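Colleague: What would the 3D arrangement of this be:
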Amino acid sequence: AVLIARNYGEAGALEFFGPRHGLPHRVLLPGNDLLWPPPADNSCEVAVTVGISPDDLRRFFRSVNVVTRFDHVWMVEEERNIPICVAETPYRSITEAWPRRKR
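Modeller: Just a heads-up that it's a prediction; the model follows:
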């Protein structure tokens, strides 16, 4: 499994807090394969996502379930009510679907 975050703050939080909660060590950030590259072995069948809409995920995964939504009154507006999803069975391998930037 991999963790996919919508932005740097979410990716950093997953990287920092994830190990103490037994989460997977692979953290991905769309549009940034330099700091958080996709796994080279194409073994990703499950993704836990933070801040990515279920509709967007359904373009890449056959099964998408919203597990919960993260919200707090002290959060900035654009970070409120963000979905946390489990996406399973990708239509193609994650390395094929992941955007690569030219270096």
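Colleague: Now for Asp56, how many residues are close by?
Modeller: Asp56: 16 surrounding residues under other C-beta atoms under 10 Å. (C-beta placed from N, C-alpha, C; glycine too.)
Colleague: Please identify the helix or strand for it.
Modeller: Here Asp56 sits within helix 54-57, counting by DSSP states H and E.
Colleague: pull the CA atoms of that helix into CSV?
Modeller: What follows is helix 54-57, C-alpha atoms only, in CSV (Å, rounded to 0.1, in the frame of the first residue of the first chain):
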residue,chain,number,x,y,z
PRO,A,54,-13.3,10.4,-4.6
ASP,A,55,-14.3,11.4,-8.1
ASP,A,56,-10.7,12.1,-9.0
LEU,A,57,-9.6,8.8,-7.5
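Colleague: Could you list the residues in contact with the helix or strand following it?
Modeller: Toward the C-terminal end, the helix or strand that comes next after helix 54-57 (DSSP H and E) is strand 61-70. With contacts defined as C-beta atoms under 8 Å, 6 or more residues apart in numbering, strand 61-70 is touched by 47, 50, 54, 57-58, 81-91.
Colleague: May I see the buried residues of strand 61-70?
Modeller: By neighbour count on 16 or more other C-beta atoms under 10 Å, the buried set for strand 61-70 is 61, 64.
Colleague: Just the CA atoms of that strand, as CSV, please.
Modeller: What follows is strand 61-70, C-alpha atoms only, in CSV (Å, rounded to 0.1, in the frame of the first residue of the first chain):
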residue,chain,number,x,y,z
PHE,A,61,-9.0,3.0,-9.1
ARG,A,62,-11.9,0.5,-9.5
SER,A,63,-12.9,0.8,-5.9
VAL,A,64,-12.9,4.0,-3.8
ASN,A,65,-14.3,4.3,-0.3
VAL,A,66,-14.4,7.5,1.8
VAL,A,67,-13.3,6.3,5.2
THR,A,68,-13.7,9.6,7.0
ARG,A,69,-13.3,13.4,6.6
PHE,A,70,-10.8,15.4,8.5
